[in-house]
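Undergrad: got a sequence here, can you build the structure:
(one chain, ligands or ions: 2)
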Amino acid sequence: DGEIEFENVTFSYENGRGPALHNISFKVGKGSSVALVGESGAGKSTILRLLYRFYDLKPGEGRILIDGQDISTVTQKSLRQAIGVVPQDSVLFNSSIMYNIGYGKFGASLQEIEEAARSAQMHDRIMSFPTGYETLVGERGVRLSGGEKQRVAIARTLLKNPPILLLDEATSALDTTTEKDIQKALQNLVQGRSSLSIAHRLSTIASADLILVLRDGQIVEQGNHRELVAFD
Ligand code: ADP
Ligand code: ADP
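TA: Numbering: from 1, shown residues only. Ligands and ions are numbered 1, 2, ... in the order given. Down below sits the predicted model:
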């Protein structure tokens, strides 16, 4: 469960100038982590979009397989059940933190939500009555920091419990306490799942099973951290 394969994937946006991805092939083994690195415009987000079928985008050539099955043959609904997404900047509802974590999982119990919050290192905020249970977040309530918003998204995804994860790490600098909390939260989330990350944190890159270096829509280097450093 959760094995991903890109097979000679080429893709051009309708209004794009040239191919955003050119002949991309790689595998993410069950439970392993792949880090996508490369300059802005290299094609990292396009890889995630095609896998999740954001905007119903599909490869022009090649195939994307999950557990051996071409994703163009599965329903959007089942695809989205299998894949959890943690975006760079999560949009929260004007509601409580608890609601924001539980949203998307109909019938989740308070206990389940609290446990997800704990794994996402959100327990301080959650347990500090009334912030977690009652106070509104968002434009009409308290504002959460970027790191807190990300941990809400992580907790929501933990609750959803998908075999596959797509992560778009924030580029903004965080203070060291927050950084540690997020690192721990991400570790708890990634554990036991197949993950594909647009990686900015050194810790994510260093711990990835495979790093793909992209440039102009192509994979120009690949290997684990040790191999790539040795290659330099
Ligand atoms: P990265 O995530 O590495 O910054 P992207 O996957 O967003 O790169 O972009 C890859 C290429 O596709 C770039 O040349 C970018 O300009 C182009 N591109 C991205 N999104 C769109 C879009 N919605 N329409 C047209 N071109 C796009
Ligand atoms: P916009 O500024 O265009 O409304 P945002 O992405 O900033 O878009 O916000 C979308 C929604 O996400 C807001 O309506 C608000 O409810 C929520 N939100 C944004 N920033 C925060 C924050 N720091 N803490 C809590 N909720 C937020």
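Undergrad: any idea how far the nearest residue to residue 56 once chain neighbours are set aside lies from residue 57?
TA: Nearest non-adjacent residue to residue 56, counting by CB to CB, 6 or more residues apart in numbering: residue 76, 7.6 Å away. Where you see a C-beta, it was placed from the backbone N, CA and C, and this is true even at glycine. Separation of residue 76 from residue 57 (CB to CB, to the nearest Å) stands at 12 Å.
Undergrad: follow-up on the earlier one: isn't the residue nearest to residue 56 up against residue 53?
TA: Yes - under the criterion of CB atoms under 8 Å, residue 76 lies in contact with residue 53, with a separation of 6.2 Å.
Undergrad: who's more crowded, those two?
TA: Neighbour comparison, residue 76 and residue 53: the larger count goes to residue 53, with 17 against 11 (by other CB atoms under 10 Å).
Undergrad: residue 120 and residue 51: what is the separation?
TA: As it turns out, when the distance is counted by CB to CB, residue 120 lies 23 Å from residue 51.
Undergrad: mind checking which of these two has more residues around it?
TA: In this comparison of residue 120 against residue 51, neighbours counted by other CB under 10 Å, the higher total goes to residue 120 at 28 against 22.
Undergrad: skipping adjacent residues, who's closest to that one in space?
TA: Closest residue to residue 120 in three dimensions, ignoring its sequence neighbours and counting by CB to CB, 6+ apart: residue 155, at 3.6 Å.
Undergrad: so the one you found lies in a strand, does it not?
TA: No - using DSSP: H, G, I helix; E, B strand; the rest coil, the secondary structure at residue 155 is helix, not a strand.
Undergrad: that one contacts residue 117, doesn't it?
TA: Yes - between residue 155 and residue 117 there is a contact at 5.0 Å, judged by CB under 8 Å.
Undergrad: overlap of the contact sets of those two?
TA: Shared between the contact lists of residue 155 and residue 117 (criterion: CB atoms under 8 Å, 6 or more residues apart in numbering) are residues residue 101.
Undergrad: OK, contacts around residue 3?
TA: Under the criterion of CB under 8 Å, 6+ apart, the neighbours of residue 3 are 27, 28, 29, 30, 65, 66, 67, 68, 194.
Undergrad: let's see if you can find the most crowded of those.
TA: Note: the member of these with the most neighbours is residue 194, at 26 neighbours, neighbours being other CB under 10 Å.
Undergrad: beta partners of that one?
TA: Taking DSSP bridges as the rule, residue 194 bridges to residue 164.
Undergrad: how close does it sit to residue 112?
TA: The spacing between residue 194 and residue 112, counted by CB to CB, is 23 Å.
Undergrad: A helix includes residue 50, no?
TA: Yes - counting by three-state DSSP, residue 50 falls inside a helix.
Undergrad: surely it and residue 11 touch.
TA: Yes - using CB under 8 Å as the test, residue 50 is close enough to residue 11 to be in contact (6.2 Å).
Undergrad: quick check: neighbours shared by these two?
TA: Counting by CB under 8 Å, 6+ apart, the shared contacts of residue 50 and residue 11 are 21, 57, 59.
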